[in-house]
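In: I need the structure of the sequence given here:
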Amino acid sequence: MVKQRPYVFPDPESADPTGLVTITQNLSPDLILLALRQGIFPWSEDPVRWYSPDPRAVFVRDHIKLPRNLDKIRRRSGFTVTCDQSFRQVIEACAQTHGQDERWITQGFIDNYTALHELGYAHSIEVWQEERLVGGLYGVQMGQVFSGESMFHTVSNASKIAFHALVEHLYAIDIRLIDAQVVNEHTYNLGALLVPRRDYLKILKRLVSVPTLFEAKKWPKHPWTLPKKTPTPQKT
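Out: Numbers count the residues shown, from 1 in each chain. This is a model prediction of the structure:
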């Protein structure tokens with residue numbers, strides 16, 4: 001029996017002006033992980049188009065823009081937040097937010113990312129109002145990198161609540177880089193920055209193999225947060 005050789009992605013720096021690196025016929029959890037480790041991600045199915053855009057959109061904690069009264073909004077709206085409790089429901093809701101002509105989260109994406117969730121790599125944040133899922137997001141954690149994929153909301157501010165919970169949780173478990181892939185109006189309004197692909201790839205290479213909490217494990221039910229610093233008393 002001839003052993004099949006593992007797939008080798010081209011250098012991301014070889015991408016065309018649109019960021020397209022290569023095209024394959026198949027999509028699998030192993031291919032997704034291999035690609036993300038090299039700064040490449042899938043963006044269509046049948047065939048599968050793999051991209052590494054230049055520049056690259058990322059989130060840096062100090063530049064993230066969220067309403068200052070988000071805690072008040074959360075209490076007033078009765079939102080509760082969980083992690084990894086309804087991954088498939090979240091990704092299916094994200095798929096529905098895209099118009100049919102622009103939809104890229106197809107059934108193959110749903111099945112493969114759900115498989116990555118079962119393996120402990122893909123994660124979701126869910127926002128609930130009573131027992132109804134009204135917002136959320138999902139992405140993939142490897143080392144100190146989180147590759148954000150998509151988010152949705154059916155109630156005002158629910159996606160902002162999800163994103164805030166994600167940022168606090170990632171900060172608490174020592175994730176250093178949040179990949180937003182490409183900038184759009186929503187990620188721009190949240191404070192996404194554009195960095196040259198070459199710089200992104202250097203940072204990715206350094207961080208993606210650093211062991212972190214919940215490596216290849218599901219997240220706890222509730223997002224982690226670090227204790228808020230209290231002011232140091234001043235001598236009088």
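In: Once you drop chain neighbours, what's closest to the residue nearest the centre of the chain?
Out: Residue closest to the average C-alpha location in the chain (CA atoms, centre = their mean): G148, at 1.5 Å. Distances taken as CB to CB, 6 or more residues apart in numbering put G139 closest to G148, at 4.2 Å, once the chain neighbours are dropped. Every residue, glycine included, has its C-beta placed from N, CA and C.
In: ok, and that neighbour, which helix or strand is that part of?
Out: Using DSSP states H and E, G139 falls within strand 132-142.
In: buried ones in that strand?
Out: For strand 132-142, burial by neighbour count (16 or more other CB atoms under 10 Å) applies to L133, V134, G135, G136, L137, Y138, G139, V140, Q141, M142.
In: Please name the residues that touch V195.
Out: P55, R56, V58 (CB atoms under 8 Å, 6 or more residues apart in numbering).
In: Distance of it relative to I105?
Out: Applying CB to CB, to the nearest Å, the value for V195 to I105 is 25 Å.
In: for R56, same thing?
Out: 20 Å.
In: got it, and C94?
Out: In terms of CB to CB, C94 sits 6 Å off from I105.
In: thinking again about what came up before, Throw the buried residues of strand 132-142 into TSV and include distance to D111 and pLDDT, thanks.
Out: TSV is the format used below for those (distance: CB to CB, whole Å; pLDDT from 0 to 100):
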residue	distance to D111	pLDDT
L133	20	98
V134	24	98
G135	23	98
G136	18	98
L137	19	98
Y138	14	98
G139	17	98
V140	15	98
Q141	19	98
M142	20	97
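In: Show me which pair in those residues is furthest apart.
Out: Spanning the widest gap among those are V134 and M142, at 28.7 Å by CB to CB.
In: all helices of this structure, in order?
Out: Along the chain, the segments classed as helices by DSSP state H run 29-37, 70-77, 87-97, 107-118, 158-172, 185-189, 197-207.
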